[in-house]
Structures are given as structure tokens and as C-alpha cells.
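> Mind looking at a prediction? Sequence and model below.
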Amino acid sequence: EAGVAQSPRYKIIEKRQSVAFWCNPISGHATLYWYQQILGQGPKLLIQFQNNGVVDDSQLPKDRFSAERLKGVDSTLKIQPAKLEDSAVYLCASSTRPGHDVEAFFGQGTRLTVV
Amino acid sequence: AQSVTQPDIHITVSEGASLELRCNYSYGATPYLFWYVQSPGQGLQLLLKYFSGDTLVQGIKGFEAEFKRSQSSFNLRKPSVHWSDAAEYFCAVAGGYQKVTFGTGTKLQVIP
């Protein structure tokens, strides 16, 4: 079974530029998560989708971050414009359904460096 | 609000020695508790989880964890560490409909 695919693996951009990350979840997984993991910290949930609808985006900085999952399958996370403090690893995860009793599977992440 | 504390930022153990990673949580009721492992350049992998029932939980790769309600702890243990266990370990808590909250992680170094 293929895992969660993310691209690119690494990205370096200058501040005020824009960037986009892509995630393809495990086939059949209705729930998709984007996490931000800053160096030295644990992952923080940015947004959770159920199919193509947003379940939770309370920690997404909406003035610069956006995410979509138009067809309920793959998803894109965008930052525009980027700030230095956005340097982090962005992890995508998916699960068959919402709920803490269901395992979420993580991708390898995209490491973003903003200079 | 729920929270997780992993008091040890970095731990070094010798290969073959036993391991215990500490985790303390804050939550008003019985939480969902998790341990994840993250190898360099990899995503997180679930080692084990606790929801209810037996307070001693067995996971993958020979890991186990014990839920102690009186101490608000969920410590991870392994009787004999292998060099391949070197990684970063995250404890996480979730309650009810709240999102999962991760600790800041413990980096494990294994020396031969």
C-alpha cells in the first residue's frame, strides 16, 4: 500500500515570496491533515479536511496561509507571502475517518527554509 | 486546555540498555495518549496508543507504555535498545473532540 506522498521534499525561498506544497493521501482516506513542525517543537495542526470540507482551521494563519482539497483527494498548502518564522517542516497526514481511535499516517514532510 | 510535557530534551543510552522516556499530560478526563517516533528526514510513525482498558500498552518495535492516572503520566519503555532506535520520540494527547497536542519531543542517541 502506498503511503502519504508529499512534494517537494525541500524548498528554499526568500521572505515575501510564495510557496506551495502538495500532498497525496493514502487511497481511500477521507481525512487529511496539515501540520507545521518548527525545529525543536512538536507538530502543530494547521488544518484538517474531511473529504473536501474543512473541519478545523483554527490554527491556520489565514492572512498568509491557505489550503484546499478540491476533489477530496490530494491537497495543496500555500504560503503567501512567506515570513522567516514560517521556516519549518510541513507534514501531511491522512486517516480513513476522523477520530482519535483511528491511526493517522504521515508523509515524509516538506522542509521549508525562508531566508 | 490539554498539554503535554516531555521533560527530557535529549537522552543517551548504550545499545542493549533499557530505556524509559517520560511524558506527563494535562487533561481533565481520561485522554487519548500516543507515542510517535520520527527518524531523520521521515514523517511520524505511531508506536502505540492508549484509549481505555489495560493501562500497560504494547506497541511496535518492542516498545510499551504505561498509563498512570494518579501521576498523569504515560512513559515509554523498551527493555533493550537497538542502534536503529535512535530517533526523536513524541508523546501526544487528545481529548474528546479536541485536536491532538504533541510534546516537544525527546531525542534518543544510542551509543555502541
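Alright, I've got the coordinates. Residues are numbered from 1 along each chain as shown, chains lettered A, B, ... in the order given.
> Just to be sure, residue A:54 is in a strand?
Yes: according to DSSP: H, G, I helix; E, B strand; the rest coil, the state of residue A:54 is that of a strand.
> bridging residues for it?
Taking DSSP bridges, one finds residue A:49 as the beta-bridge partners of residue A:54.
> Tell me the confidence at it?
If you check residue A:54, the pLDDT there is 94.
> One more: residue A:1?
The model reports residue A:1 with a pLDDT of 65.
> do the same with residue B:43
Looking at residue B:43, its pLDDT is 87.
> so what's it up against?
Going by Cβ atoms under 8 Å, 6 or more residues apart in numbering or on different chains, residue B:43 touches A:4, A:91, A:93, A:106-109. All C-beta spots, glycine's among them, are computed from the backbone N, C-alpha and C.
> Dump the residues you listed into JSON lines; add secondary structure, distance to chain B and neighbour count as well.
Formatted as JSON lines, the contacts of residue B:43 follow (DSSP: H, G, I helix; E, B strand; the rest coil; distance: Cβ to the nearest Cβ, whole Å; neighbours: other Cβ atoms under 10 Å in any protein chain shown):
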{"residue": "A:4", "secondary structure": "coil", "distance to chain B": "7", "neighbour count": "22"}
{"residue": "A:91", "secondary structure": "strand", "distance to chain B": "6", "neighbour count": "27"}
{"residue": "A:93", "secondary structure": "strand", "distance to chain B": "7", "neighbour count": "27"}
{"residue": "A:106", "secondary structure": "strand", "distance to chain B": "3", "neighbour count": "22"}
{"residue": "A:107", "secondary structure": "coil", "distance to chain B": "5", "neighbour count": "25"}
{"residue": "A:108", "secondary structure": "coil", "distance to chain B": "5", "neighbour count": "18"}
{"residue": "A:109", "secondary structure": "coil", "distance to chain B": "6", "neighbour count": "26"}
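> Let's have those residues in TSV, adding pLDDT.
Output for the contacts of residue B:43, formatted as TSV (pLDDT from 0 to 100):
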residue	pLDDT
A:4	96
A:91	96
A:93	96
A:106	94
A:107	96
A:108	95
A:109	95
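> Can you classify residue B:11 as helix, strand or coil?
Secondary structure, three-state DSSP: residue B:11 is strand.
> Check whether it really touches residue B:105, as I assumed.
No: counting by Cβ atoms under 8 Å, residue B:105 is not a contact partner of residue B:11; they are 11.0 Å apart.
> So between those two, which is more surrounded?
Neighbours were counted for residue B:11 and for residue B:105 using other Cβ atoms under 10 Å in any protein chain shown; residue B:105 has more, 24 against 16.
> Quick check: pLDDT value at the more buried one.
With respect to pLDDT, residue B:105 has a value of 97.
> I'd like to know how far it sits from residue A:89.
Per Cβ to Cβ, to the nearest Å, residue B:105 is found 12 Å from residue A:89.
> ditto for residue A:29
Distance of residue A:29 to residue A:89, given as Cβ to Cβ: 21 Å.
> Which one's more surrounded, these two?
Using other Cβ under 10 Å as the criterion, residue A:29 and residue A:89 rank with residue A:89 on top: 21 against 17.
> which element is the more buried one on?
Residue A:89 is part of strand A:88-95 when elements are defined by DSSP states H and E.
> dump the residue contacts of residue A:69.
Residues near residue A:69 by Cβ under 8 Å, 6+ apart: A:32, A:49, A:51-52, A:75-76.
> right, and the helix or strand after the host helix or strand of residue B:91?
For residue B:91, the host element (DSSP H and E) is strand B:87-94. The C-terminal neighbour of strand B:87-94 among helices and strands, as given by DSSP H and E, is strand B:101-102.
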